[in-house]
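[1] got a predicted model here, sequence first, then my questions.
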2 protein chains.
Amino acid sequence: MPAQKPKTTPRGGIDLGGTKIQAAVVGARGKVVGEAREPTPTAGGPLAVTEAVALAMQLATSAAGIKPDALTAIGVGSPGNVDERAGTVAQARNVSGWDGAFPLAAKLSEALGTRVVLGNDVSVATKAEFDLGAGKPYRSLLGVFWGTGVGGGLILDGRPWVGRAAAGEIGHMVVRIGGRLCGCGRRGCLEAYAGRASMEAKARRLVDQGEHTALFEIMQKRGRTRLTSGVWERALQQGDKVAQRLIDQAVEALGAGIASADNLLDVEAVIIGGGLGTKLGEPYVERIREAMMPHLFVDDRPPELHLSTLGDLGGAIGAALVAKTRKS
Amino acid sequence: MPAQKPKTTPRGGIDLGGTKIQAAVVGARGKVVGEAREPTPTAGGPLAVTEAVALAMQLATSAAGIKPDALTAIGVGSPGNVDERAGTVAQARNVSGWDGAFPLAAKLSEALGTRVVLGNDVSVATKAEFDLGAGKPYRSLLGVFWGTGVGGGLILDGRPWVGRAAAGEIGHMVVRIGGRLCGCGRRGCLEAYAGRASMEAKARRLVDQGEHTALFEIMQKRGRTRLTSGVWERALQQGDKVAQRLIDQAVEALGAGIASADNLLDVEAVIIGGGLGTKLGEPYVERIREAMMPHLFVDDRPPELHLSTLGDLGGAIGAALVAKTRKS
């Protein structure tokens, strides 16, 4: 009698972002059977974040009609320096007050009563697009996640490429030597022009310099404290000049950065995701393509550019995939 | 009785550069047993180049005390679009008058009486450093060839990464959006600042604008028609201000471009080769390292930076390695 195949579903997946925590319960073939979203706490450090993550997963399992301890495992896609083996996260730069190594896997496992594994947020989202989304037809791809920051993930010859653990930092490729100050403290990074946090900082400086923009009014009207992707979208729809100019600069920088990455790697496809990428959608994928072309060295066969098909849920689905494939 | 191992040496290797043709006869364990160098013809297109390549290989075999048809095979590392299977090269941009696809392998084979295989110049030089040179201790590396242009080669997880055939174009990564015009017709490429051809064009413009430099006097005194690596070295030794400024800009661009590539790929090591890299040597590897650090995202464990150990012969040795491993 053949051994019974171990049960691998349902699994939980968490995408821990700088602005929001997305939780998903994932069943067979990557199907999402429950989901929930919570804002990322802006105070209280890693402990407050852990509580919010646990709450999001409780709500997602509740939506799926189960309890968290019925999950075979939970995967978390986290920003910062993720030590997968130790289950710790350090320097989650876009999460406030998170510097030292924090045992996220152990704390969450304690709160939710099941095994928790960690992965890099962008790597797991890229893997999800490769396995289940827009990247399925390809053997090599670059995932570009355009949100609070600009993250990148690589699949080369069918496998994730992580280098010595930190590959994929397309947001910190230099697109203008001596250029705009980046949140990382360096100058001229792609993210300094295209990361939503940098764009917001630049918009505030422009307001201080006397320029007018509707961005912050829209933000307040929506009860937000940050310029979310939805706020940018609305300002663009209204024809706000400052918003348009900052987005134009972001698109220009994304075009140059993605072309640079492709000149180096010559991948088959580029997948555009992230909060802004997903919110602004196809028209902006097309604009990024146009911005890329003048810098592409082999421009008679550019890589395919696609919008992420898993969208906002890609990170959480990818995290659930990690929970399937890794033991610790 | 075991089958006799087929004879694989001596092999010939050719590095076809924009300025010179380097030929080598390579014996067991990559040992160079004969070599010769010829200037790359500046007129006459691919036919003239083929003749010069054949002459260089005849001289190299003569130095090794053999005839060309005694070579088991000859490998050629070529610039441009190399179709390894067809044995053709198109658009060898740094070689004058070479646009359409030219059957270099067949023509050379006819002239020299042995099998000829082609490879990309930079890829074969990177493979040579990986197999026999400064890259031996590593599983992942980036080769940066600083010469007439700036070429790049990648080894990832112990194997060459060529993407869809055109990977490695680090010279056309964008380091300054809207920046200096590159020989490729695009703006702001690394090569526009660091490629010797671009640096010479910039020096000529500065002279036209009334600036003084000894670069062209040194060139004439040496009977050269181009600013060779030796000319740049001499001008720097003399404290020529224009030469120093252009080299400073080249180093700055190399630092930013290499850091960008490493932020994306997180390789173990970077090998600096090429005509200028080899000629200027260790002090400039150190300067490139310093220029890289401010842009490196994970700056507490930078990749190792090394000068190519095979130097000027790396391309030819790498080409001979290609002749060993490939059939057609």
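    Yes, it's here.
[2] quick check: which element contains A:G153?
    strand A:150-156 (DSSP states H and E).
[3] tally of neighbours for the residue of the stretch 51-200 of chain A found nearest chain B?
    Closest contact between the stretch 51-200 of chain A and chain B, by CB to the nearest CB, is at A:G163 (2.5 Å). C-beta coordinates here come from the backbone N, C-alpha and C atoms, glycine included. Neighbourhood size, A:G163 [other CB atoms under 10 Å in any protein chain shown]: 21.
[4] now do the contacts for it.
    B:140, B:265-267 (CB atoms under 8 Å, 6 or more residues apart in numbering or on different chains).
[5] apply 6 Å and report the result again.
    B:265-266 (CB atoms under 6 Å, 6 or more residues apart in numbering or on different chains).
[6] per-residue confidence for it?
    A:G163 carries a pLDDT value of 95.
[7] for A:Y193, which three-state class applies?
    Taken by DSSP: H, G, I helix; E, B strand; the rest coil, the conformation at A:Y193 corresponds to helix.
[8] roughly how far apart are it and A:D248?
    Distance, A:Y193 to A:D248, by CB to CB, to the nearest Å: 10 Å.
[9] who has more neighbours, these two?
    Counted by other CB under 10 Å, A:Y193 and A:D248 do not tie: A:Y193 has more neighbours, with 28 against 13.
[10] residues in contact with the residue nearest to that one when sequence neighbours are not counted?
    Spatial nearest neighbour of A:Y193, chain neighbours left out: A:A253 (3.6 Å); criterion: CB to CB, 6 or more residues apart in numbering or on different chains. Listed by CB under 6 Å, 6+ apart, the contact partners of A:A253 are A:175, A:190, A:193-194.
[11] who wins for most neighbours among the residues you listed?
    For these, neighbours tallied by other CB under 10 Å; top is A:L190, 35 neighbours.
[12] just checking, it touches A:V175?
    Yes: counting by CB atoms under 6 Å, A:L190 does reach A:V175; the two are 5.1 Å apart.
[13] overlap in contacts, the two.
    With CB under 6 Å, 6+ apart as the test, A:L190 and A:V175 both reach A:253, A:257.
[14] re earlier: ok, of the contacts of A:A253, which one's closest to A:L16?
    A:A194 (21.0 Å; CB to CB).
[15] so what's that closest one up against?
    By CB under 6 Å, 6+ apart, the neighbours of A:A194 are A:150, A:250, A:253-254.
[16] what helix or strand does A:F216 sit in?
    With DSSP H and E as the criterion, A:F216 is inside helix A:215-221.
[17] so what does the next helix or strand after that helix touch, helix or strand wise?
    Per DSSP H and E, the first helix or strand lying C-terminal to helix A:215-221 is helix A:229-237. Applying 3 or more CB pairs under 6 Å, 6 or more residues apart in numbering or on different chains; DSSP states H and E, one finds that helix A:229-237 contacts helix A:215-221, helix A:274-280.
[18] buried sites along the first one?
    If I follow you right, that is helix A:215-221. Of the residues in helix A:215-221, A:215-216, A:218-219 count as buried by neighbour count, 16 or more other CB atoms under 10 Å in any protein chain shown.
[19] can you lay out the residues you listed as CSV showing pLDDT and distance to chain B?
    Listed next are the buried residues of helix A:215-221 as CSV, based on pLDDT from 0 to 100; distance: CB to the nearest CB, whole Å:
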residue, pLDDT, distance to chain B
A:L215, 98, 24
A:F216, 98, 28
A:I218, 98, 29
A:M219, 98, 29
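[20] just these now: which is nearest B:L156?
    For these, the nearest to B:L156 is A:L215 (41.7 Å; CB to CB).
[21] check contacts around the closest one.
    By CB under 6 Å, 6+ apart, the neighbours of A:L215 are A:203, A:227, A:235, A:243.
[22] got it, and A:G45?
    Applying CB under 6 Å, 6+ apart, the residues near A:G45 are A:97-98.
[23] that one and chain B, how far apart?
    Taking CB to the nearest CB, to the nearest Å as the measure, A:G45 falls 23 Å from chain B.
[24] how about the host helix or strand of A:A52 as CSV, C-alpha atoms only?
    Under the criterion of DSSP H and E, A:A52 resides in helix A:45-63. Coordinates of the C-alpha atoms in helix A:45-63 are reproduced here as CSV (Å, rounded to 0.1, in the frame of the first residue of the first chain):
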residue,chain,number,x,y,z
GLY,A,45,8.2,48.2,16.4
PRO,A,46,8.4,44.5,15.6
LEU,A,47,6.1,43.4,18.5
ALA,A,48,3.2,45.6,17.2
VAL,A,49,3.8,44.4,13.7
THR,A,50,3.8,40.8,14.9
GLU,A,51,0.4,41.3,16.6
ALA,A,52,-1.0,42.9,13.4
VAL,A,53,0.3,40.0,11.3
ALA,A,54,-1.3,37.5,13.6
LEU,A,55,-4.6,39.4,13.5
ALA,A,56,-4.5,39.5,9.7
MET,A,57,-4.0,35.8,9.6
GLN,A,58,-6.8,35.1,12.1
LEU,A,59,-9.1,37.2,9.9
ALA,A,60,-8.0,35.4,6.7
THR,A,61,-8.5,31.9,8.3
SER,A,62,-11.9,33.0,9.6
ALA,A,63,-12.9,34.1,6.1
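[25] pull out the buried residues from it.
    Quick answer for helix A:45-63 (16+ other CB under 10 Å): A:45-46, A:48-54, A:56-61, A:63.
[26] what sits up against stretch A:54-62?
    Counting by CB under 6 Å, 6+ apart, A:12, A:21, A:23, A:25, A:34-36, A:38, A:68, A:111-112 sit against stretch A:54-62.
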